[in-house]
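[1] Give me a model of this one.
(one chain, ligands or ions: 2)
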Amino acid sequence: MATTLDRPTEAVPDGGPVPVTATRTVRVVRTPRGEGPRRWQRVEVPVTSSRMTVLDALTWIRSRVDPTLDVRHSCFHASCGTCGMRVDGRDVLACVTRLDDLPDGEVVVEPLRNQPVVSDLVVDIEALYEALEPMAVPLVRSSTLVAGGRPAEGVEALGRFEDCIECGLCISACPIEATDAAYEGPAVLGAAWRVIEEPRGADPGPAYEMVDGDQGAWRCHLAFECSEACPSEAGPGERILHLRRGLLRRRVAAILGRRATSEGSGR
Ligand code: SF4
Ligand code: FES
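    Ligands and ions are numbered 1, 2, ... in the order given. Below you'll find the predicted structure:
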């Protein structure tokens, strides 16, 4: 009977050898920097723990098989938003996607959709950062509560779009983004609603105006794929619905205001 000691082992840099419990075939799309055809690369990866993630597998490939594989990551715990990619056809954070939770067979890894691929699994998310800047960043808190602090009354009840980690998963999942690059997109629209929802003394008018165009809140088809994909439960799809209601209220208020003015002036 095989024992742990009979199994192959995988040496780790600091610590003893770790028992290899299985192997998984990871199939990764490779896109070279600059010119060149895309290709698939298959690698057998030793599984050393039931907690091993897709990001662990990819970093193993980089360190043991092919250092040219480009993967972006930072925190390893779902807070920096940099490791977004598609795994078995779903938009996920690779650092919290366990191999054990995936269907049997090959693990298929691709870059996020609807954003330019820089190389391999790295996409250029600059457009999202630039779009968020005028929409929300000036009004979003730059600091969080100190230890033992309490949020202001009422703030707890608000869905905080600060939960957005700017990972781009919603952009990859959105069916409108797939066909219309000019669409403002779920992350930006969600951030706009956050500004309107809690303006903190600022005039929400400019945020409303930014999202009231053809490529704004009205362009969304309410597929809610964005909210499904969002790893932070920021709920961009629901925020777009709130935006539309707010825009309608403003239009009705403007019409009623004009009517009252014309009636008041006897015209
Ligand atoms: S709304 Fe969610 S999915 Fe979209 S960028 Fe923010 S955290 Fe990521
Ligand atoms: S590495 Fe930071 S979210 Fe995955």
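[2] hey, where'd the strands end up in this structure?
    Assigned by DSSP state E, the strands in the chain fall at 9-10, 18-19, 22-30, 39-47, 84-87, 90-93, 107-110, 117-119, 122-123.
[3] Just say which of those is most tucked in.
    Each of the strands of the chain was scored by mean neighbour count; the highest is strand 84-87, a mean of 25, by mean count of other CB atoms under 10 Å. Placement of C-beta: from N, CA and C, glycine included.
[4] just how off-centre is that one within its chain?
    10 Å (CA atoms, centre = their mean, to the nearest Å).
[5] Quick check: Pro199 vs ligand 1, distance?
    Here Pro199 is placed at a distance of 20 Å from ligand 1 (CB to the nearest ligand atom, to the nearest Å).
[6] burial count for that residue?
    13 (other CB atoms under 10 Å).
[7] With Val96 instead?
    16.
[8] ok, and for the longest helix anywhere in the chain, which residues are buried?
    When the chain is scanned for its longest helix (criterion: DSSP state H), the result is helix 236-264. Residues Pro236, Gly237, Glu238, Arg239, Ile240, His242, Leu243, Arg244, Gly246, Leu247, Arg250 are the ones in helix 236-264 that count as buried (16 or more other CB atoms under 10 Å).
[9] Is any residue of that helix near ligand 1?
    Yes: contact between helix 236-264 and ligand 1, assessed by CB under 6 Å from any ligand atom, occurs at Pro236.
[10] to the chain's geometric centre, what's the distance from that helix?
    Distance, centroid of helix 236-264 to centroid of chain: 30 Å (CA atoms, centre = their mean).
[11] Quick one: list the elements packing against it.
    helix 186-197, helix 205-211, helix 225-229 (3 or more CB pairs under 8 Å, 6 or more residues apart in numbering; DSSP states H and E).
[12] the inter-axis angle of the first one versus helix 236-264?
    It stands for helix 186-197. On the basis of axes from the mean of the first three to the mean of the last three CA atoms, to 10 degrees, helix 186-197 is oriented at 50 degrees to helix 236-264.
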